[in-house]
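Engineer: Build me a model from this:
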Amino acid sequence: MGRILVRKVKGFMKACQFAAWSWPISAVPSYSVRRWYLRRVLRYSIARSASIHGGCWVTGFRLSLGANSVINRNCRLDARGGITIGSNVSISPECYLISASHDPHSPGFGGSTKPTAVSINDHAWLGVRAIVLPGVTIGRGAVVGAGAVVTRDVEPLAIVAGNPARVIGRRRCEPQYELNWQPWFDTDIC
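Structural biologist: Alright, predicted model coming up:
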């Protein structure tokens, strides 16, 4: 009984940390405060040059965000199965990265048994309201169109769109830019 109580208290305390992130921390108009909370309190691996905009929701214990990457406003990051985001990745507003699922054949609605980690490689770009499902890898420099639902891996430099996302083109050059998008108060004004 004592171990169960300790486990429940620990779970409650961790839930409080995620709840504090959801509000008020994610609403604080300071990139450094949000980054500090994610790195120090939630123990995520977040590069000092990464930007996490306001209103983002996070859960899970395995999130890694590379240098100069941007997580725009109101994104949902479900890192229960793990999310790794490379450098110079642009994730537009209201995207969902989902790394955990349920097995539809489980009589008890149990979690999926297949690998669920999501990986987004350097210089990838996700359009507004894109959804990336568990176990997907987005290749280096790939582009995911607005509203796309990505159900399988995307090759490097591919441009995908639709539901489910399908290849509609390829980027013509190897991206080499460095992102630095930290507008005032999460507006689009720098």
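Engineer: And what about residue 77, helix, strand or coil?
Structural biologist: Recorded secondary structure, residue 77: strand (DSSP: H, G, I helix; E, B strand; the rest coil).
Engineer: Just confirm it contacts residue 97, I think it does.
Structural biologist: Yes - counting by CB atoms under 8 Å, residue 77 does reach residue 97; the two are 5.2 Å apart. No exception for glycine: its C-beta is placed from N, CA and C like everyone else's.
Engineer: Give the intersection of the neighbour lists for the two.
Structural biologist: Contact criterion CB atoms under 8 Å, 6 or more residues apart in numbering; residues shared by residue 77 and residue 97: residue 83.
Engineer: Run through the chain and note the low-pLDDT ranges.
Structural biologist: In the prediction, the chain carries residues with pLDDT under 70 at positions 1, 113-115.
Engineer: please redo it, this time with the cut-off set to 80
Structural biologist: 1, 110-115, 185-190 (pLDDT under 80).
Engineer: Alpha carbons only: can I get the biggest helix by length in it in PDB?
Structural biologist: When the chain is scanned for its longest helix (criterion: DSSP state H), the result is helix 2-22. Coordinates of each C-alpha in helix 2-22 appear next as PDB, following Å, rounded to 0.1, in the frame of the first residue of the first chain:
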ATOM      1  CA  GLY A   2       2.900   2.400   0.800                       C
ATOM      2  CA  ARG A   3       4.500   1.900  -2.600                       C
ATOM      3  CA  ILE A   4       1.200   2.500  -4.400                       C
ATOM      4  CA  LEU A   5       0.700   5.800  -2.500                       C
ATOM      5  CA  VAL A   6       4.300   6.900  -3.300                       C
ATOM      6  CA  ARG A   7       3.800   6.100  -7.000                       C
ATOM      7  CA  LYS A   8       0.400   8.000  -7.000                       C
ATOM      8  CA  VAL A   9       2.000  11.100  -5.300                       C
ATOM      9  CA  LYS A  10       4.900  11.100  -7.800                       C
ATOM     10  CA  GLY A  11       2.500  10.800 -10.700                       C
ATOM     11  CA  PHE A  12       0.400  13.600  -9.300                       C
ATOM     12  CA  MET A  13       3.500  15.900  -8.800                       C
ATOM     13  CA  LYS A  14       4.600  15.200 -12.500                       C
ATOM     14  CA  ALA A  15       1.000  16.000 -13.600                       C
ATOM     15  CA  CYS A  16       1.200  19.300 -11.700                       C
ATOM     16  CA  GLN A  17       4.500  20.100 -13.600                       C
ATOM     17  CA  PHE A  18       2.700  19.500 -17.000                       C
ATOM     18  CA  ALA A  19      -0.300  21.500 -15.800                       C
ATOM     19  CA  ALA A  20       1.800  24.400 -14.800                       C
ATOM     20  CA  TRP A  21       3.400  24.400 -18.200                       C
ATOM     21  CA  SER A  22       0.000  24.400 -20.000                       C
END
